[in-house]
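In: this one's structure only:
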Ligand code: AHR
């Protein structure tokens, strides 16, 4: 009680205090049982703003250095992240997308209006072949988002046939005519997107019936196994999950959830780069609230599916700020150290619930919302969020190690939350990785890490921080927020002690 009171007092005077907080993390290194699904580190690319056109695809004739139309700088940066899965073509765009418009010779492809995102003309030059080739180049699983809102069952069924059928079927022949002999593998198939909103404004009961109908005709050709994902709830809509679990059950292998760290859907969402400490603390609280939201959806799923046949797929998440002033590209926002915290804290939560959370896809990969990468013509910059994904990629496929944290609390509008966030895992080589964030913007933390009698031979670390919480990278100054070696580690017989500066994210590797 005394400690809590003291914590609150410290928070009140946090900007004046030079004190060091003390925290303790106990990593139960002997209790790991769940593998962190690598797909938790998934990405999302929509035909929105300059995510695809300009961000990923520039076409073979572009002066921007490219490989078969994909820009080299972006490709190389994305390869470094070892992206496990990429969701495409939307988002809202998916429910108005007709895949046959995006196949065949590019100059002959029909154009359409992108009604969801500014009414721009979509020339369909990036279509199915271009997406699957991209996934092959990145070495990631494709995750296709199918059109249920304005499409037909036949259209979606034929798309699956076009992609995966190896035989002499009509769609396989069409694919061959378009230059691709070998079928691709398609695992993740989304049956609609936000069907409660831009995907058709449906009720959960109506959507459940549609899901059952559409998914029936999405066949598994020539040994291809589909993992079908139903369009799930937004944030706190537990009724949607309840209805789908009840009506659809394990006819779906996954049900999605969308959760944005966003002030609201009407009016200003706030600047990506100009914010005060209260807004920073609000952001931290809002992003951490995802834990409660995930827990509640999981509780519903546990009730209907105690055998864990259905995965929770958080296939859209991240920050949503006002569009960057002066930039025409829809939903283009800057990305500051605050965004890096949202990524770090959220990924720590997802690792913890990996038993049910089978995939997540941050929105979005390039030039849209909480992007990894920003581009402008030939220029490219890596965001603070990119660096978090790069630091955290060591958790992919490793065994999650449960942990307890004792630390001070911070508060936003009287709602308290922990000032330290962490996650730990052990990889196939036996290395333990710990990712930590000191959320306190003003106070360093001395953290004792108990590793449950693990013998520590060597520790290396990386830190991501900056002078101010609103710091960000620009094309002119790309390394304002950049990872650096972290050396403030002392080892002992029982574990480690580290001192982590205010507003810093650290990744440790323990041998
Ligand atoms: O990610 C941007 C948009 O947010 C997606 O198109 C939609 O699914 C969600 O509302």
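Out: Cool, the structure landed. The structure displayed is predicted, hence computed values, not measured ones. Numbering: from 1, shown residues only.
In: give the contact list for the residue in the stretch 51-200 of the chain that the ligand sits nearest to.
Out: Using C-beta to the nearest ligand atom, the closest approach of the stretch 51-200 of the chain to the ligand is made by residue 91 at 2.7 Å. The C-beta positions use only the backbone N, C-alpha and C, and glycine is treated the same way. Residues near residue 91 by C-beta atoms under 8 Å, 6 or more residues apart in numbering: 44, 46-48, 116, 145, 193, 316, 363-364.
In: try it again with 7 Å
Out: The contact partners of residue 91, taken as C-beta atoms under 7 Å, 6 or more residues apart in numbering, are 46, 48, 145, 193.
In: now do the helices in this protein.
Out: Remark: helices assigned in the chain by DSSP state H are 2-12, 72-80, 128-138, 153-164, 170-177, 204-217, 238-247, 277-288, 290-304, 337-352, 384-392.
In: which residues of this structure lie near the ligand?
Out: Contact residues, the chain versus the ligand (C-beta under 6 Å from any ligand atom): 46, 90-92, 193-194, 316, 363-364, 369.
In: ok, back up a step: show me the contacts of residue 91 that map onto strands.
Out: Judged by DSSP state E, the contacts of residue 91 include residue 145 as members of strands.
In: let's have the contacts of residue 91 in TSV, adding pLDDT, neighbour count and distance to residue 494.
Out: Listed next are the contacts of residue 91 as TSV, based on pLDDT from 0 to 100; neighbours: other C-beta atoms under 10 Å; distance: C-beta to C-beta, whole Å:
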residue	pLDDT	neighbour count	distance to residue 494
46	98	29	48
48	98	29	50
145	98	29	48
193	98	30	48
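In: tell me the one of the contacts of residue 91 nearest residue 434?
Out: Nearest to residue 434 among the contacts of residue 91: residue 46, at 33.4 Å, using C-beta to C-beta.
In: wait, that closest one sits on residue 96?
Out: No: under the criterion of C-beta atoms under 7 Å, residue 46 is not in contact with residue 96, lying 11.6 Å apart.
In: can you list contacts of stretch 223-239?
Out: Under the criterion C-beta under 7 Å, 6+ apart, residues 164, 185-196, 199, 204, 207, 211, 215, 218, 220, 240-241, 244, 248, 252-259, 293, 296-297, 300, 313 lie in contact with stretch 223-239.
In: can you rerun that using 6 Å?
Out: The contact list for stretch 223-239 (C-beta atoms under 6 Å, 6 or more residues apart in numbering) reads 164, 185, 187-193, 195, 199, 211, 215, 220, 240-241, 244, 248, 252-259, 296, 313.
In: quick one, which of these are buried?
Out: 164, 187-193, 195, 199, 211, 215, 240-241, 244, 248, 252-259, 313 (16 or more other C-beta atoms under 10 Å).
In: run a quick neighbour tally on residue 321.
Out: As a burial measure, residue 321 scores 26 neighbours (other C-beta atoms under 10 Å).
In: check contacts around the nearest residue to it once chain neighbours are set aside.
Out: Ranked by C-beta to C-beta, 6 or more residues apart in numbering and with sequence neighbours excluded, the top spatial neighbour of residue 321 is residue 272, at 3.9 Å. By C-beta under 6 Å, 6+ apart, residue 272 lies in contact with 321, 333-334.
In: also residue 252?
Out: Here residue 252 is in contact with 228, 230 (criterion: C-beta under 6 Å, 6+ apart).
In: how far away is it from residue 246?
Out: Applying C-beta to C-beta, to the nearest Å, the value for residue 252 to residue 246 is 12 Å.
In: ok, now residue 277?
Out: For residue 277, the distance to residue 246 (C-beta to C-beta) stands at 44 Å.
In: equivalent analysis for residue 260, please.
Out: For residue 260 relative to residue 246 (C-beta to C-beta), the value is 26 Å.
In: wait, residue 132 sits on residue 185?
Out: No: in this structure, residue 132 is not within contact of residue 185 by C-beta atoms under 6 Å, at 9.3 Å.
In: how about the strands in the stretch 401-511 of the chain?
Out: Using DSSP state E, counting those that start in this stretch, the strands of the stretch 401-511 of the chain run over 403-406, 409-412, 415-418, 420-426, 432-438, 445-450, 459-464, 484-485, 489-491, 495-500, 504-510.
In: quick one on the thing from earlier: among the residues of the chain next to the ligand, name the ones in strands.
Out: Going by DSSP E, the strands hold 316, 363 from the residues of the chain next to the ligand.
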